[in-house]
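>>> Sequence and predicted structure, then a few things I'm wondering about:
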Amino acid sequence: MNKKFLILLTLTFYIIISSSTFAFSDVDGHWAEKVINDAKQSNIVNGYTDDIFMPDRIYD
């Protein structure tokens, strides 16, 4: 394989994988979806281990 092609393929794969890890699976359509996902991308919030955030959860 061409070395430049292999580098391009590796970078493309990395971008696809890393961009998909930034969104929580349970905030699609939520009014604060963009803010929540931006906070995750900036490492301000982590959510739960199964990649959910529970944006409407009420704590006692």
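Yep, it's here. Residues are numbered from 1 along each chain as shown.
>>> How much space separates residue 46 from residue 28?
18 Å (C-beta to C-beta, to the nearest Å). Bear in mind the C-beta positions are built from the backbone N, C-alpha and C, glycine included.
>>> That should have said residue 42, apologies.
Residue 42 is 19 Å from residue 28, by C-beta to C-beta.
>>> repeat for residue 11
To residue 28, residue 11 is 27 Å away according to C-beta to C-beta.
>>> Then residue 3?
Distance, residue 3 to residue 28, using C-beta to C-beta: 39 Å.
>>> Also residue 35?
In terms of C-beta to C-beta, residue 35 sits 14 Å off from residue 28.
>>> If you count surrounding residues, which of the two has more?
Just comparing residue 35 and residue 28: by other C-beta atoms under 10 Å the higher neighbour count belongs to residue 35, 14 against 9.
>>> give me the element that one is part of.
Residue 35 is located in helix 33-41, with elements delineated by DSSP states H and E.
>>> Give me the distance between that helix and the centre of its chain.
In terms of C-alpha atoms, centre = their mean, to the nearest Å, the centre of helix 33-41 is set 8 Å apart from its chain centre.
>>> Enumerate the positions of that helix that are buried.
33, 36, 37, 39, 40 (16 or more other C-beta atoms under 10 Å).
>>> Nearest spatial neighbour of the third one, chain-adjacent residues omitted?
Setting aside the residues directly before and after it, residue 37 is nearest to residue 23 in space (C-beta to C-beta, 6 or more residues apart in numbering), at 5.0 Å.
>>> pLDDT at the one you found, what is it?
Note for residue 23: predicted pLDDT of 76.
>>> give me the number of residues near it?
When neighbours are defined as other C-beta under 10 Å, residue 23 has 16 of them.
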